[in-house]
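Asker: task: produce atomic coordinates for the following.
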Amino acid sequence: MSTKRSPVDPVTVEIVGNLMLSIAEETCLSIIKSAYSTNIKERRDVSAAVVGPEGDLVAQADYLPIHLNAFLTFIPYIYQHFDRAKIRPGDMFIGNDPYHGGGNHLPDIVVAMPVFGDGAIIGWVVNMAHHSDIGGMVPGSTSSYADSIFQEGIRIPVIRICNEGKLNEDVFQLLLGNTRVREEREGDLTAQISSNRVGARRMEEAFAKYGSRLTACMEELQNYSERRLRAAIASVADGVYSYTDYLDDGGDNSPDPQTISVDIRISGDSIVFDFSKTCKQLKAPLNISYNTLLASCFYSLKALFGADIPATSGIFRVFEVVAPKGSLVNPIDPAPLGLTINAAQRLPDVIFGALAEVASERVLAGCNSTCQTTVFTREDPRHPGNTLICHEAIAGGSGASRHADGLSAVQVHMTNTSNMPIEAMETEFPILMIKKYSLRTDSGGAGEFRGGLGIDREFEMLLDGIQCKATGDRQKFAPYGLEGGRDGATGAFFREMDGARTRLPGKSTGNRMEKGEILVALTPGSGGYGDPLRRPPEKVLDDVADGYVSVEAARDQYKVAVNRDSDGICTLDVEATCALRAAVR
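Answerer: Purely as a prediction, here's the structure:
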């Protein structure tokens with residue numbers, strides 16, 4: 001940890017830190033406002049960051065924590081493969097390969113632009129966006145059965161996409177030639193490139209105001225993050241803290257449960273995450289790149305020990321990671337990574353589970369911790385010859401804490417995207433209609449503080465021959481409760497025709513669906529916190545009235561008697577409730 005006296009005062013560091021964050025946020029919003037795809041402009045599956053001149057993270061917009069991995073590695077990779085002295089103002093670099101400086105999986109495309117001041121690089125503006133299709137063997141690029149990354153789309157090495165402000169048309173056309181939705185990719189990539197120019201202008205304005213103090217503040221922001229986190233870790237008793245959870249399976253190629261396990265060793269103000277007990281890499285697209293593993297540890301520490309600690313590379317200095325090569329969390333190229341989010345979401349759950357006792361003020365019970373996704377594909381009925389690819393990740397429950405109920409219908413942990421509005425989906429994809437979109441009663445685990453609820457979403461096919469991919473997890477292993485709280489509900493996929501339901505596997509690709517058929521997506525809820533008998537009966541009554549908890553679950557799990565009359569009005573039976581709870585106690 002640096003002990004040198006800072007050349008800038010704390011007030012200036014605070015001001016510059018907020019300025020860098022605002023630049024990252026403006027860059028991100030610029031993409032959202034100008035992108036073509038619903039995945040970016042509606043779901044906001046995009047992030048942006050300001051990176052220091054040496055490649056250290058200075059500020060990330062508050063969007064997707066999983067995108068930290070590229071912001072930590074992309075610029076160092078550029079410096080390793082390009083002569084720094086030959087990088088010019090207006091240059092821009094692009095890449096997507098997780099094994100070579102890119103994002104989490106191939107659909108995540110990174111674009112980075114250097115910012116110059118007084119003839120030298122003073123920082124970088126970087127953004128990452130998830131593209132709905134970048135080639136590969138199935139529409140949407142990711143499948144449930146890929147056994148090699150080469151099946152998942154075009155691999156883009158880190159290359160120049162702009163030379164001194166001029167778009168490299170040859171590279172651009174190569175990328176557009178490897179997607180099923182060319183116009184959409186052109187719009188989204190243009191948005192990413194253009195937004196970096198917005199961020200770069202703001203950085204240049206900041207340098208004009210602060211000069212060399214700007215880069216000094218960037219370094220001090222990292223030192224501050226490191227000091228804050230080390231102080232928090234030092235307050236935790238030394239020891240080894242462990243937890244194990246399981247993926248339902250590895251998809252078509254690996255049908256058995258897969259272990260994700262961590263031993264966390266705390267010593268003084270340092271911490272080591274040891275994933276040696278985690279399963280080996282899979283011949284299935286749920287592998288997690290090492291950089292994504294680092295981002296997951298980074299996020300977990302920030303969430304547990306200081307939400308207000310700036311998200312800088314200073315956090316990275318505090319911890320080490322042990323992950324054997326060839327494991328699920330450190331796979332060997334060309335292991336597939338397409339569905340990595342469904343495994344990576346489980347990493348914070350095992351870290352939170354391990355540290356539940358020593359970080360009890362901030363820890364959450366088990367969350368939905370998947371990314372339950374549907375992708376519907378068909379020729380566009382309005383424009384024959386064109387393809388429609390409707391990509392939707394459906395939210396679920398967020399775990400309860402010792403202070404509050406969990407949130408319902410939200411994305412959690414490593415992803416932080418928005419729910420797709422029905423109006424946007426039905427307008428842009430006239431092959432579908434939403435039949436149902438509601439919270440799942442009883443999906444939140446019972447507890448003194450109730451777990452958040454999952455979603456019940458039903459898609460009706462409006463045409464024949466629609467191809468459907470449906471992937472998720474937590475359909476066998478439930479989100480855990482803490483301190484006596486009950487587990488949350490697991491998720492499921494069903495296909496329904498004429499009232500008859502058939503359950504689909506948790507991860508399936510290439511389901512042909514016909515007009516009138518319905519895909520039902522039930523997302524997981526989340527775990528409760530604390531003994532359900534400590535939840536005030538009045539709160540349980542409110543939950544029943546709101547449809548969060550059924551009358552039956554109120555009696556069985558909370559020992560609260562609620563009566564519902566013919567008009568649906570709920571009232572609390574105080575005498576029966578006292579008797580139910582007295583019998584248990």
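Asker: tell me where the stretch 101-250 of the chain has helices.
Answerer: 169-176, 182-210, 213-234 (DSSP state H, counting those that start in this stretch).
Asker: how many neighbours does R581 have?
Answerer: By the measure other CB atoms under 10 Å, the count of residues near R581 is 15. In this view, the C-beta of every residue, glycine as well, is placed from N, C-alpha and C.
Asker: show me what contacts the spatially closest residue to T387 that is not a sequence neighbour?
Answerer: Nearest residue to T387, sequence neighbours excluded (CB to CB, 6 or more residues apart in numbering): R180, at 4.7 Å. Residues near R180 by CB atoms under 8 Å, 6 or more residues apart in numbering: 133, 135, 139, 387, 389.
Asker: any chance of a PyMOL selection covering the buried ones in those residues?
Answerer: Applying 16 or more other CB atoms under 10 Å to those leaves a buried subset, and the PyMOL line that selects it is:
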select buried, resi 133+135+139+387+389
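Asker: tell me how far the ends of stretch 59-68 are from each other?
Answerer: The stretch stretch 59-68 measures 10 Å between its terminal residues, going by CA to CA, to the nearest Å.
Asker: if we can go back for a sec, can I get the helices of the stretch 101-250 of the chain in JSON lines with distance to V115?
Answerer: Output for those, formatted as JSON lines (distance: least, CB to CB, whole Å):
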{"stretch": "helix 169-176", "distance to V115": "22"}
{"stretch": "helix 182-210", "distance to V115": "4"}
{"stretch": "helix 213-234", "distance to V115": "10"}
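Asker: nearest to R495, of these?
Answerer: helix 182-210 (27.2 Å; CB to CB).
Asker: got the buried residues for that closest one?
Answerer: Going by neighbour count (16+ other CB under 10 Å), the buried part of helix 182-210 is 182, 184-193, 195-200, 202-204, 206-207, 210.
Asker: just stretch 540-557 next, same as before
Answerer: Buried residues in stretch 540-557, counted by 16+ other CB under 10 Å: 540-541, 543-544, 548-550, 553-555, 557.
Asker: quick one: contacts for D45?
Answerer: 39, 64, 129-130, 393, 415, 417.
Asker: report the two of those separated the most.
Answerer: Taking CB to CB, no two of the contacts of D45 sit farther apart than A129 and A393, at 14.2 Å.
Asker: quick one, which of those two is more surrounded?
Answerer: Using other CB under 10 Å as the criterion, A129 and A393 rank with A129 on top: 29 against 24.
Asker: just the helices in the chain please.
Answerer: Using DSSP state H, the helices of the chain run over 10-34, 38-41, 68-81, 169-176, 182-210, 213-234, 290-305, 340-344, 346-354, 422-428, 537-546, 551-558, 574-584.
Asker: who does the second one touch, helix- and strand-wise?
Answerer: So the one you mean is helix 38-41. Judged by 3 or more CB pairs under 8 Å, 6 or more residues apart in numbering; DSSP states H and E, helix 38-41 is in contact with helix 10-34, strand 120-130, strand 387-394, helix 422-428.
Asker: so for Y145, which of these sits nearest?
Answerer: Taking the helices and strands packed on helix 38-41 one by one with CB to CB, strand 387-394 is closest: 18.2 Å.
Asker: and stretch 312-332, end to end?
Answerer: With CA to CA as the measure, stretch 312-332 spans 28 Å from end to end.
Asker: next one: stretch 418-429
Answerer: By CA to CA, the extent of stretch 418-429 from end to end equals 18 Å.
Asker: show me which positions of it end up buried.
Answerer: 419-420, 425, 428-429.
Asker: export those to JSON lines and tack on distance to P324?
Answerer: Formatted as JSON lines, the buried residues of stretch 418-429 follow (distance: CB to CB, whole Å):
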{"residue": "N419", "distance to P324": "37"}
{"residue": "M420", "distance to P324": "38"}
{"residue": "M425", "distance to P324": "42"}
{"residue": "E428", "distance to P324": "44"}
{"residue": "F429", "distance to P324": "43"}
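Asker: now do the contacts for R378.
Answerer: Counting by CB under 8 Å, 6+ apart, R378 makes contact with 387-388, 431, 463, 465-467.
Asker: now do the contacts for D147.
Answerer: Residues in contact with D147 (CB under 8 Å, 6+ apart) are 253, 283-284, 336.
Asker: give me the distance between it and N253.
Answerer: Remark: distance between D147 and N253 (CB to CB, to the nearest Å) = 6 Å.
Asker: so what sits against both of the two?
Answerer: Common contacts of D147 and N253, defined by CB under 8 Å, 6+ apart, comprise 283-284.
Asker: which strands and helices lie in contact with the helix-or-strand element of the chain with minimal mean pLDDT?
Answerer: One helix or strand of the chain scores below all others by mean pLDDT, DSSP states H and E: helix 68-81, with a mean of 87. With contacts defined as 3+ CB pairs under 8 Å, 6+ apart, the packing partners of helix 68-81 are strand 46-51, strand 57-60, strand 92-95, strand 108-117, strand 120-130, helix 290-305.
Asker: what mean pLDDT does the fourth one get?
Answerer: What that stands for is strand 108-117. Averaging pLDDT along strand 108-117 gives 97.
Asker: also the second one?
Answerer: For strand 57-60, the mean pLDDT works out to 93.
Asker: so for the contacts of D45, which is the shakiest by pLDDT?
Answerer: Among these, L64 carries the lowest pLDDT, at 79.
Asker: G103: neighbouring residues, count only.
Answerer: Residues near G103, counting by other CB under 10 Å: 30.
Asker: now P257
Answerer: 14.
Asker: measure the nearest residue to it once chain neighbours are set aside to R474 for me?
Answerer: Spatial nearest neighbour of P257, chain neighbours left out: Y246 (4.4 Å); criterion: CB to CB, 6+ apart. With distances taken as CB to CB, Y246 is found 10 Å from R474.
Asker: between these two, who's got more neighbours?
Answerer: A direct count of neighbours by other CB under 10 Å for Y246 and R474 places R474 higher, at 34 against 18.
Asker: distance of the residue nearest to V158 when sequence neighbours are not counted relative to I40?
Answerer: The shortest distance from V158 to any non-neighbouring residue, by CB to CB, 6+ apart, is to G95 (3.9 Å). Remark: distance between G95 and I40 (CB to CB) = 18 Å.
Asker: what's the answer for F493, then?
Answerer: Distance of F493 to I40, computed by CB to CB: 25 Å.
Asker: same question for D62.
Answerer: D62 sits 16 Å away from I40, going by CB to CB.
Asker: most centrally placed residue in this protein?
Answerer: Centroid-nearest residue in the chain, with CA atoms, centre = their mean: T415, separated by 1.5 Å.
Asker: OK, contacts around that residue?
Answerer: Neighbours of T415 in contact, by CB under 8 Å, 6+ apart: 45, 64-66, 341, 345, 371, 393.
Asker: let's go with 10 Å and repeat that
Answerer: The contact partners of T415, by CB atoms under 10 Å, 6 or more residues apart in numbering, come to 43, 45, 63-67, 104, 130, 341, 344-345, 370-371, 393, 395.
Asker: likewise for G135?
Answerer: Under the criterion of CB under 10 Å, 6+ apart, the neighbours of G135 are 106-107, 141, 151-155, 175, 177-180, 185.
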